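Asker: fold the following, please.
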Amino acid sequence: MAPSAATKPRKAKPTPKTVADFTILPLTLTALPGLLAHCNDAKHYIYVKPHSPSIPTASDERSLFITNVPMDATESNMRALFQEQLGGSMVERVDFDASVPAQPIHKRWKSSQPAATTEDAEQRGKKRKRNDDAAVIAEGVVEDAESALPQLWNREVRKSGSSAVVVFVDKKSARGALREVQKAVKEGKTVSWKSKGEGLGVERYKTHLTLQHPPPTLLQPSLNAYLTQFNALETLRNKLRKTARSIPDEDGFVAVGYG
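Answerer: Next comes the predicted model:
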């Protein structure tokens with residue numbers, strides 16, 4: 001049997017410069033000590049386009065939407081990326097869509113909240129319409145920034161493939177930043193991702209272990225605030241329960257209670 005001819009190695013396809021409405025910007029990552037030379041040219045690709053959400057806002061025209069942000073992205077190094085390497089555009093703020101750990105959602109019921117309308121209740125798809133007073137009675141946990149427990153992580157990291165909206169100081173700055181991104185991609189300019197990596201790696205988990213055991217002096221203010229808020233809300237619940245006994249619901253029934 002005749003030996004088969006050796007197959008020629010396929011050439012790697014060039015990285016596309018655009019996909020859909022996005023411009024693909026490669027970021028050169030910082031070399032890490034101890035790695036082989038061919039491992040120190042790693043790149044991370046971010047996808048950039050003008051921000052155009054389904055629900056318009058006042059800042060859309062001066063914003064860029066970026067997806068697949070680096071996992072260690074922060075507002076400071078995103079600002080530095082545009083100010084130092086992409087034309088010097090001034091960034092007002094950066095809104096990230098997700099982080100690890102996720103930001104806690106604090107809510108606190110207030111007695112001054114208006115009752116929900118019948119139309120609002122119907123939109124929720126509830127068979128039996130209830131107003132905010134009933135929701136206050138059913139609410140079990142009251143927590144806000146004052147009564148929340150201390151954080152267990154020293155910093156946030158981004159989920160894989162997460163996105164961010166970069167809001168610039170004006171419309172001109174946003175357009176200039178997008179032109180600089182497109183120019184860098186077209187000319188093959190090297191754009192470095194500058195991140196010090198503080199609070200990452202092994203140190204992140206060492207700090208996490210320490211934060212899992214906070215001192216009593218740090219916990220006591222949170223516990224005091226929680227109990228104060230809980231007692232205040234419990235008083236409001238008792239008042240609403242007493243009032244609800246004499247008020248018929250939407251179907252004409254009156255709740256019967258004892259005590």
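Asker: the helices in the protein, which residues?
Answerer: For the chain, applying DSSP state H gives helices covering 75-80, 118-123, 132-138, 171-187, 202-211, 216-244.
Asker: could these go into CSV alongside mean neighbour count?
Answerer: All C-beta atoms are positioned from the backbone trio N, CA, C, and that covers glycine. Output for the helices of the chain, formatted as CSV (neighbours: other CB atoms under 10 Å):
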stretch, mean neighbour count
helix 75-80, 16
helix 118-123, 11
helix 132-138, 16
helix 171-187, 17
helix 202-211, 12
helix 216-244, 13
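Asker: how about a markdown table for these, with mean pLDDT and distance to residue 87 added?
Answerer: Formatted as a markdown table, the helices of the chain follow (pLDDT from 0 to 100; distance: least, CB to CB, whole Å):
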| stretch | mean pLDDT | distance to residue 87 |
| --- | --- | --- |
| helix 75-80 | 91 | 13 |
| helix 118-123 | 51 | 45 |
| helix 132-138 | 52 | 49 |
| helix 171-187 | 92 | 4 |
| helix 202-211 | 88 | 33 |
| helix 216-244 | 84 | 44 |
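Asker: so which of those comes closest to residue 163?
Answerer: helix 75-80 (12.0 Å; CB to CB).
Asker: other SSEs contacting the closest one?
Answerer: Judged by 3 or more CB pairs under 8 Å, 6 or more residues apart in numbering; DSSP states H and E, helix 75-80 is in contact with strand 91-96.
Asker: now the strand it packs on: average pLDDT?
Answerer: The pLDDT scores in strand 91-96 average 91.
Asker: same for that strand, what does it pack against?
Answerer: Here strand 91-96 touches helix 75-80, strand 163-168, going by 3+ CB pairs under 8 Å, 6+ apart.
Asker: tell me which residues touch residue 99, please.
Answerer: 156, 157, 158, 159, 162 (CB atoms under 8 Å, 6 or more residues apart in numbering).
Asker: hmm, the second one is touching residue 72, no?
Answerer: What it means is residue 157. Yes. Shown here, residue 157 and residue 72 form a contact pair, counting by CB atoms under 8 Å, at 6.2 Å.
Asker: give me the common contacts of those two.
Answerer: Counting by CB under 8 Å, 6+ apart, the residues touching both residue 157 and residue 72 are residue 200.
Asker: got a list of what residue 174 touches?
Answerer: Residue 174 touches 50, 61, 62, 63, 64, 89, 168, counting by CB under 8 Å, 6+ apart.
Asker: in strands, which of those fall?
Answerer: 50, 63, 64, 168 (DSSP state E).
Asker: PyMOL command for the buried members of these?
Answerer: Entered in PyMOL, the line below selects the buried ones among the ones in strands among the contacts of residue 174, by 16 or more other CB atoms under 10 Å:
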select buried, resi 63+64+168
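Asker: residue 57: which of the helices of the chain is closest?
Answerer: Taking the helices of the chain one by one with CB to CB, helix 171-187 is closest: 13.5 Å.
Asker: compute the inter-axis angle for that closest one and strand 163-168.
Answerer: Orientation of helix 171-187 against strand 163-168 (axes from the mean of the first three to the mean of the last three CA atoms, to 10 degrees) gives an angle of 120 degrees.
Asker: extract the C-alpha trace of helix 171-187 and format it as PDB.
Answerer: Only the C-alpha atoms of helix 171-187 are listed here, as PDB (Å, rounded to 0.1, in the frame of the first residue of the first chain):
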ATOM      1  CA  LYS A 171     -21.700  62.800  22.500                       C
ATOM      2  CA  LYS A 172     -18.500  64.000  20.800                       C
ATOM      3  CA  SER A 173     -16.300  62.000  23.200                       C
ATOM      4  CA  ALA A 174     -18.300  58.800  22.600                       C
ATOM      5  CA  ARG A 175     -18.000  59.100  18.800                       C
ATOM      6  CA  GLY A 176     -14.300  59.900  19.100                       C
ATOM      7  CA  ALA A 177     -13.800  56.800  21.200                       C
ATOM      8  CA  LEU A 178     -15.600  54.600  18.700                       C
ATOM      9  CA  ARG A 179     -13.500  56.000  15.900                       C
ATOM     10  CA  GLU A 180     -10.300  55.300  17.800                       C
ATOM     11  CA  VAL A 181     -11.400  51.700  18.400                       C
ATOM     12  CA  GLN A 182     -12.200  51.200  14.700                       C
ATOM     13  CA  LYS A 183      -8.900  52.800  13.800                       C
ATOM     14  CA  ALA A 184      -6.900  50.600  16.100                       C
ATOM     15  CA  VAL A 185      -8.500  47.500  14.700                       C
ATOM     16  CA  LYS A 186      -8.000  48.600  11.100                       C
ATOM     17  CA  GLU A 187      -4.300  49.500  11.600                       C
END
